[in-house]
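[1] I would like to see how this sequence folds:
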Amino acid sequence: MNKLKTLLAAAALSFVGTTANAAVILTVESAGQMTTTQTGVTTVDFDDNTIGAYTTVPFKTDYEIYSAAISGQTAPPAGVTSNYLSVPNPKSSGTAAFGVGGYANYFGLFWGSIDAYNTLSFWKAGVLVESFTGIQVSPLVGNGNQTSDSSNRYINFFFDGGGFDQVQLESTQFAFETDNHSFGVVPEPSAIALFGLGILGLGFAVRRKRS
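    All right, here's what the predicted structure looks like:
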C-alpha cells in the first residue's frame, strides 16, 4: 500500500536504469512533498547539525551543514527553513560520501536547485552501482533554479535485484544542496516498475544500459 501511495503522489516515473546487478527505479514526488513517503526507513534531516545515522568515508568529507544561504556559494533547497546539507566546491570539485550502515535498496532526498554539475552515485563494496547527474532526473530540470518546483523536488531511488551500502554526492561547482535523506530496505521494488509503467499520465520511463 505504501508503494501505491508513493506512485500516486509522484509527479513522474522518470527513469529505470539498469546495471549488471540491479535496476534502479526513480520516482519524483509531487511539488511540496519534502520528506520520504516510505515507512520503516532511516531519515537524516541534519537539524541537529550532524549527519545522524550516516558514517563518513575517508577523504570524501567535503560537505557542510548550513541553516541559511551564503551568497555566491550555497542556498537551501526551495521551501527548506531548517538545516540542510551542502557539498561545496571551493576549488575544482567537492565530494562527500556516506555509509548507510549496511545494505539498503531505497534512497530518497530532497534535491535543491538541481544542477547539471551535481552527481549522485551509489556504491556497494567499493564498486559503483549507478550514478545520476542533475540532467538525468527527468522530468525535472537541471538548470540550478533555486525556487522552481521543476528543480527542487523529493526524489526516490528504488533498487531491484541489488542495492548499495554507500551514497556519494559530488559537485564541480558551488554547490549540491539537499535535505531529508532517507534510506533502508523496502519490499518488492520491482512492483513499482511494473505498476508505474502501466499508469498513463504518470510520466515516462527510460531504460539505460551501462556500457
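[2] what are the ranges of the helices in this protein?
    Remark: helices assigned in the chain by DSSP state H are 2-9, 189-197.
[3] which other residues reach the longest strand seen in the chain?
    Across the chain, the longest stretch assigned as strand under DSSP state E is strand 94-104. With contacts defined as Cβ atoms under 8 Å, 6 or more residues apart in numbering, strand 94-104 is touched by 42, 51, 53-57, 60-63, 85, 87-88, 123-124, 159, 163-172, 175-176, 183-185. (Each C-beta comes from the backbone N, C-alpha and C, glycine too.)
[4] Spatially central residue in the chain, please.
    residue 109 (4.3 Å; Cα atoms, centre = their mean).
[5] need the contact list for it.
    Residue 109 touches 120, 154, 155, 178, 179, 180, 181, 182, counting by Cβ under 8 Å, 6+ apart.
[6] pLDDT value on the third one, please?
    Read that as residue 155. What the model reports for residue 155 is a pLDDT of 98.
[7] for the fifth one, same thing?
    Confidence at residue 179, expressed as pLDDT, is 98.
[8] Does residue 93 touch residue 168 like I think?
    No: contact criterion Cβ atoms under 8 Å: residue 93 and residue 168 do not qualify, at 11.9 Å.
[9] neighbour-wise, which of the two wins?
    residue 168 (19 against 14; other Cβ atoms under 10 Å).
[10] hey, what's the more buried one bridged with?
    Under DSSP bridges, the beta-bridge partners of residue 168 are residue 97, residue 121.
[11] Name all residues that make contact with it.
    When contacts are taken as Cβ under 8 Å, 6+ apart, residue 168 is in contact with 57, 60, 95, 96, 97, 98, 119, 120, 121, 122, 123.
[12] so how far is residue 169 from the second one?
    Going back to what we said before, that points to residue 60. 9 Å (Cβ to Cβ, to the nearest Å).
[13] Which one's more surrounded, these two?
    Neighbours were counted for residue 60 and for residue 169 using other Cβ under 10 Å; residue 169 has more, 26 against 17.
[14] Show me where this structure has its strands.
    Applying DSSP E to the chain gives strands spanning 10-18, 23-29, 42-44, 55-61, 64-66, 84-87, 94-104, 106-112, 118-124, 127-133, 153-160, 164-171, 176-184, 207-209.
[15] right, and those - which one's nearest residue 75?
    strand 176-184 (6.6 Å; Cβ to Cβ).
[16] which helices and strands sit right next to that closest one?
    Packing partners of strand 176-184 (3 or more Cβ pairs under 8 Å, 6 or more residues apart in numbering; DSSP states H and E): strand 42-44, strand 84-87, strand 94-104, strand 106-112, strand 164-171.
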